[in-house]
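**Student:** show me the folded form of this:
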Amino acid sequence: MASEFVKELDGQSFETEVIGAPGRVVVDFWAPWCGPCRMVGPVLEKLASEHTEALKVAKINVDENQALAARFGIMSIPTVILFENGKVKAQIVGARTQKDYEKEFGLE
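**Tutor:** Model (predicted):
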C-alpha cells in the first residue's frame, strides 16, 4: 500500500529511512488483516500529502517485520510512532482522525 507520499519499509530500509534520517518521520505499524489499520492508511496518506515539508510517512507490516515490531514494543496495531532525528518522540495506539495525529505531532 505504498504510494507517492507513504513508503513501505522493511528492516533494512527502516534503518536508513527512519533511524538515520534527519527530521521527522511518522511510521505506521500495521498488518493487512487489521481492520482499524485499513482505516488509518488513508488518514496517514492525506496527512503525508498535506505536510510534505514537515515530515515523511512510512509503513511497516508487522507480520513481515516481527523483530522491528518487537524492538519498539508494538503490542497492538495500528500503532503510529513519530520519530524525530531517529528517536521516538510520540506514539499513538489505535485508529485516530487526521486532526488527532496533527495535534499529537505538532502539525496544527
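**Student:** which one is L9 nearest to, not counting chain neighbours?
**Tutor:** A58 (4.9 Å; C-beta to C-beta, 6 or more residues apart in numbering). To be clear about C-beta, it is placed using only N, CA and C from the backbone, and glycine gets the same treatment.
**Student:** doesn't that neighbour lie inside a helix?
**Tutor:** No: in this structure, A58 is strand, not part of a helix, as judged by DSSP: H, G, I helix; E, B strand; the rest coil.
**Student:** what helix or strand does the residue most central in space within the chain sit in?
**Tutor:** Nearest to the mean C-alpha position of the chain, counting by C-alpha atoms, centre = their mean, stands V27 at 1.8 Å. Per DSSP states H and E: V27 is located in strand 24-30.
**Student:** which strands or helices does that strand pack on?
**Tutor:** Judged by 3 or more C-beta pairs under 8 Å, 6 or more residues apart in numbering; DSSP states H and E, the packing partners of strand 24-30 are helix 35-50, strand 56-61, strand 79-84.
**Student:** list of residues touching that strand?
**Tutor:** 6, 9, 14, 17-18, 37, 40-41, 44, 47-48, 54-62, 69, 72, 74, 77-84, 89, 101, 105 (C-beta atoms under 8 Å, 6 or more residues apart in numbering).
**Student:** could you check the angle strand 79-84 makes with it?
**Tutor:** Angle, strand 24-30 to strand 79-84, by axes from the mean of the first three to the mean of the last three C-alpha atoms, to 10 degrees: 160 degrees.
**Student:** re the thing from before, among the contacts of strand 24-30, the buried ones, what's the PyMOL command?
**Tutor:** Restricted to buried positions by 16 or more other C-beta atoms under 10 Å, the PyMOL selection for these reads:
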select buried, resi 6+9+14+17+18+37+40+41+44+47+48+55+56+57+58+59+60+61+62+69+72+74+77+78+79+80+81+82+83+84+101+105
